[in-house]
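**Student:** Here is the input, now give the coordinates:
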Amino acid sequence: MKCFLAGSSRLAGDFVAGHAQGPDDQYVKFYNLIQEADAMDAKAQSNQALAKYLGSANRFATLQKGYPEWNAQS
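**Tutor:** Next up is the predicted model:
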């Protein structure tokens, strides 16, 4: 549980710093977290991977709310 909370705190801090970037830059950063989580999951580091997956999902949701017309489907 400690690892999950530590990972979540780090993700939250990264997100605040990400607000200075545009939505494209944020998207790439969040997508990279998913790739890191995939690598952790492949190494049987499920708890750490879960923290990154959940953090990424939250970040993508916030990105979508903050930039509703960014990357909108026609």
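**Student:** Which residue, neighbours along the chain excluded, lies closest to the most centrally placed residue in the chain?
**Tutor:** In the chain, the residue lying closest to the centroid (CA atoms, centre = their mean) is S56, at 2.4 Å. Nearest residue to S56 in three dimensions, chain neighbours excluded: L33, at 4.6 Å (CB to CB, 6 or more residues apart in numbering). C-beta coordinates here come from the backbone N, C-alpha and C atoms, glycine included.
**Student:** In which helix or strand does the one you found reside?
**Tutor:** helix 23-42 (DSSP states H and E).
**Student:** Pull the contacting residues for the residue nearest to the centre of the chain.
**Tutor:** L11, F30, Y31, L33, I34, A37 (CB atoms under 8 Å, 6 or more residues apart in numbering).
**Student:** Backbone dihedrals for Q48, please?
**Tutor:** Q48 adopts backbone torsions of phi -70, psi -40, taken as degrees, to the nearest 10.
**Student:** thinking it is in contact with M40, fair?
**Tutor:** Yes - using CB atoms under 8 Å, Q48 is in contact with M40, at 4.8 Å.
**Student:** Tell me which helix or strand A61 sits in.
**Tutor:** Going by DSSP H and E, A61 is in helix 46-66.
**Student:** Please tell me how far V28 sits from P68.
**Tutor:** 19 Å (CB to CB, to the nearest Å).
**Student:** wait, I meant A37
**Tutor:** 26 Å.
**Student:** Tell me which of those two has more neighbours.
**Tutor:** Legend: neighbour count by other CB atoms under 10 Å for A37 and P68, higher for A37 (22 against 9).
**Student:** Give me the below-cutoff pLDDT ranges for this protein.
**Tutor:** Along the chain, segments meeting pLDDT under 70 span 1-20, 74.
**Student:** hmm, try it at 50
**Tutor:** The chain contains residues with pLDDT under 50 at 1, 5, 18.
**Student:** Show me which of the contacts of S56 is closest to G22.
**Tutor:** Nearest to G22, judged by CB to CB, of the contacts of S56 is F30 at 12.9 Å.
**Student:** okay but the closest one is in contact with L63, surely?
**Tutor:** Yes - with contact defined as CB under 8 Å, F30 reaches L63; the gap is 6.9 Å.
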